[in-house]
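**Student:** Here's a sequence, model it:
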Amino acid sequence: MSARREDNPESASAPPATRRLVTDAATSARMSKQRRADTAPELALRRELHRAGLRYFVDRPPIKGQRRRADVVFPRLRIAVYVDGCFWHRCPDHATDPKNNAQWWADKLAGNVARDRATDLALTAAGWVVVRVWEHEDPHAAAERITALVKRSEPG
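**Tutor:** Numbers count the residues shown, from 1 in each chain. Alright, predicted model coming up:
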């Protein structure tokens, strides 16, 4: 059984990006399996960073009281690392457009990108360095890039 957004009386007056999308049970089950943290690309990057001798915090807000969480944080050095999924964050090389509920997804994914940019601006304004790593990037190469930044940022 599949229901459209218009069939949901709770969402009739909400703006398109915030309307609750009514889906069938299979879609709901599939989406509930999407991880927010500890994804395979994150774990691979963290393994490489640890192998390089770096120690860091995982899945925490760079700035206390902020809701948005970085995947890897070096608080003393003010470096926040985000591992972005190609679908969810609209990778220029690998982003795909869903066919079903196309407008809802377009609004949702555009909102994700806008939130990423706002997060980057807020952290940069607060003196942080933001590193974004795409899920398709080689974790070893990304770890080398981050390690070099950490070494340059360390005092003395």
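
**Student:** C-alpha from now on. contacts and neighbour counts both.
**Tutor:** Fine.

**Student:** Next, the distance between the ends of stretch 53-70.
**Tutor:** This stretch, stretch 53-70, spans 20 Å end to end (CA to CA, to the nearest Å).

**Student:** Strands of the protein, residue ranges please.
**Tutor:** For the chain, the strands defined by DSSP state E cover 57-60, 70-74, 79-84, 129-134.

**Student:** TSV please, covering those and showing mean pLDDT and mean neighbour count.
**Tutor:** Formatted as TSV, the strands of the chain follow (pLDDT from 0 to 100; neighbours: other CA atoms under 10 Å):
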stretch	mean pLDDT	mean neighbour count
strand 57-60	97	16
strand 70-74	98	23
strand 79-84	98	22
strand 129-134	98	18
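
**Student:** need the ones you listed in a markdown table with distance to residue 155, can you?
**Tutor:** Formatted as a markdown table, the strands of the chain follow (distance: least, CA to CA, whole Å):
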| stretch | distance to residue 155 |
| --- | --- |
| strand 57-60 | 19 |
| strand 70-74 | 13 |
| strand 79-84 | 14 |
| strand 129-134 | 15 |
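
**Student:** which one of those lies closest to residue 93?
**Tutor:** For these, proximity to residue 93 was assessed by CA to CA; strand 129-134 is nearest, at 10.0 Å.

**Student:** For the closest one, give me every contacting residue.
**Tutor:** 78-86, 91, 120, 123-124, 142, 146 (CA atoms under 8 Å, 6 or more residues apart in numbering).

**Student:** Give the pairing partners of that strand; include direction for each.
**Tutor:** Partner strands for strand 129-134, per DSSP bridges, with pairing direction: strand 79-84 (parallel).
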